[in-house]
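Peer 1: Next comes the sequence, and after it the predicted model I'd like to discuss.
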Amino acid sequence: MKKVHFLLAGLIAIVLFISCSDNGDKNKALLPSISGKAGEIAVISTKGQWESEPGTTIRNILAGDCPYLPQKEPLYNLFNVPQNAFNKVFQGHRNLLYINIDNQQQEASMNIRQDIWAQPQTMLEISAPNVESATRFINDNAEKITSVFEQAERDRVIRNAKLYEVINLRTFVTNRIGGSPYFPDGYSLKKQTPDFIWISYETSFTNQGIFIYKFPYESPEQFTPKYIIQKRDEVMKENVPASTDNSYMMTNPTIDPGFRWVKYRGREFAETKSLWDTQNDFMGGPFVSHSFLSKDKKEVIVVEGFVYAPKYPKRNYLRQVESILYSFEWADKQTK
């Protein structure tokens, strides 16, 4: 009985702390920086909840295979923090998923809170009257739950890109196509032609690149997966050589690309994801591209991010370049 009371007291303390901590920008300015690794989520729940249906459902959703990578990697790395062990060590973690089972709850619900104990922090609280309704709610809202943490990770990359940006790269790209992503420190211009730009961040063992290219808009058929891949291969063959003679980047022909239309902060674009390969070489990795119309609707603009990291897991590298694509803004919307 004492243990039950201790758990309840801890739960109430957490809820009260959340209520008292969310007092606006003044308090947030005093918060420490987040802890934890990119792509990590701390799941706050009892051991029983973690090892039964709620935990299993969460793992199936958030720790399943990350799509369009050349090897298996989880979408997120999860670890459980029992509610009675949730102290200052874990309160500053970047991503928190809190399972609150309370029989006083009338129905299952979800609440998103920002910057409670650290910044930039995201906490997703799922409350339900019992384990069964919590499991159903988590399963029914799988896409929303995933998108909360995807957006949180993306916003952190964009925030750093804007804070530590290479301004001359954004100016250069904006002058060429009317808008630009924000490029963080370390990126540099690798190649330019009248219709193609290659901006890259390279280390001894990794390469994160951004391609920007354009071509005349003729019909809606140019926004189909078949056309986008076909055009991509034409552009890559002409502009992106690999490491041996007569070798160049191409799209892996054995993979069906992922394709969807995205509306994001006032913009609409076709998102394509797949794997890239090389003709007459042994290089490869993941890529993601955004295709959209120019402001005057006379050209199709493609902004693509790719990763080459043969010695390392690629999920976080891909998430970084993808976030840079999402940072794209037209000239009239850019931060000065």
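Peer 2: All right, it came through fine.

Peer 1: State the helix or strand in which the closest residue to Arg154 other than its chain neighbours lies.
Peer 2: For Arg154, ignoring the flanking residues on the chain, the nearest one in space by Cβ to Cβ, 6 or more residues apart in numbering is Ser323 at 4.5 Å. Yep, even glycine has a C-beta here, placed from its N, CA and C like the rest. Using DSSP states H and E, Ser323 sits in helix 315-326.

Peer 1: Pull the residues that contact the longest helix anywhere in the chain.
Peer 2: Criterion DSSP state H: the longest helix present in the chain is helix 142-163. For helix 142-163, contacts defined as Cβ atoms under 8 Å, 6 or more residues apart in numbering pick out 38-39, 41, 61-62, 75-76, 94-95, 97, 110, 112, 120, 122, 124, 126, 138, 181-184, 319-320, 322-324, 326-327, 335.

Peer 1: Would you mind checking the residues you listed for buried ones?
Peer 2: Using 16 or more other Cβ atoms under 10 Å as the burial test, the contacts of helix 142-163 include 38-39, 41, 61-62, 75-76, 94-95, 97, 120, 122, 124, 126, 138, 181-184, 319-320, 322-324, 326-327 as buried.

Peer 1: what's next to stretch 173-187, contact-wise?
Peer 2: Contacts for stretch 173-187 (Cβ under 8 Å, 6+ apart): 157-158, 160-162, 164-166, 169-172, 197, 199-201, 210, 212, 214, 294-295, 299, 301, 303, 324-331, 333-334.

Peer 1: Now it: average pLDDT?
Peer 2: The pLDDT scores in stretch 173-187 average 98.

Peer 1: ends of that stretch, how far apart?
Peer 2: 13 Å (Cα to Cα, to the nearest Å).

Peer 1: Could you do stretch 188-201 as well?
Peer 2: Using Cα to Cα, the end-to-end distance of stretch 188-201 comes out at 7 Å.

Peer 1: in the stretch 1-150 of the chain, which spans are helices?
Peer 2: 2-21, 25-28, 47-51, 53-62, 88-91, 131-140, 142-163 (DSSP state H, counting those that start in this stretch).

Peer 1: still on that earlier bit, so which residues make contact with the helix holding Ser323?
Peer 2: 38-39, 66, 69, 73-75, 153-154, 157-158, 161, 181-184, 206, 208-210, 264, 286, 288-290, 303-307, 309.

Peer 1: Make a PyMOL selection of the buried ones in the contacts of stretch 173-187.
Peer 2: Provided next is the PyMOL selection string for whichever of these are buried by 16+ other Cβ under 10 Å:
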select buried, resi 157+158+160+161+162+165+166+169+170+172+197+199+200+201+210+212+214+294+299+301+303+324+325+326+327+328+329
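
Peer 1: pLDDT on the helix or strand just after the helix holding Ser323, on average?
Peer 2: Per DSSP H and E, helix 315-326 leads on to strand 329-330 as the next helix or strand towards the C-terminus. Across strand 329-330, the average pLDDT comes to 97.

Peer 1: and if you look at stretch 240-252?
Peer 2: Regarding stretch 240-252, the rounded mean pLDDT is 91.

Peer 1: got the buried residues for that stretch?
Peer 2: Val240, Pro241, Ala242, Ser247, Tyr248, Met249, Met250, Thr251, Asn252.

Peer 1: What's the separation between the first one and Thr193?
Peer 2: To tie it back to what came earlier, the one meant is Val240. Relative to Thr193, Val240 is positioned 11 Å away (criterion: Cβ to Cβ, to the nearest Å).

Peer 1: That's all I had, so thanks and see you.
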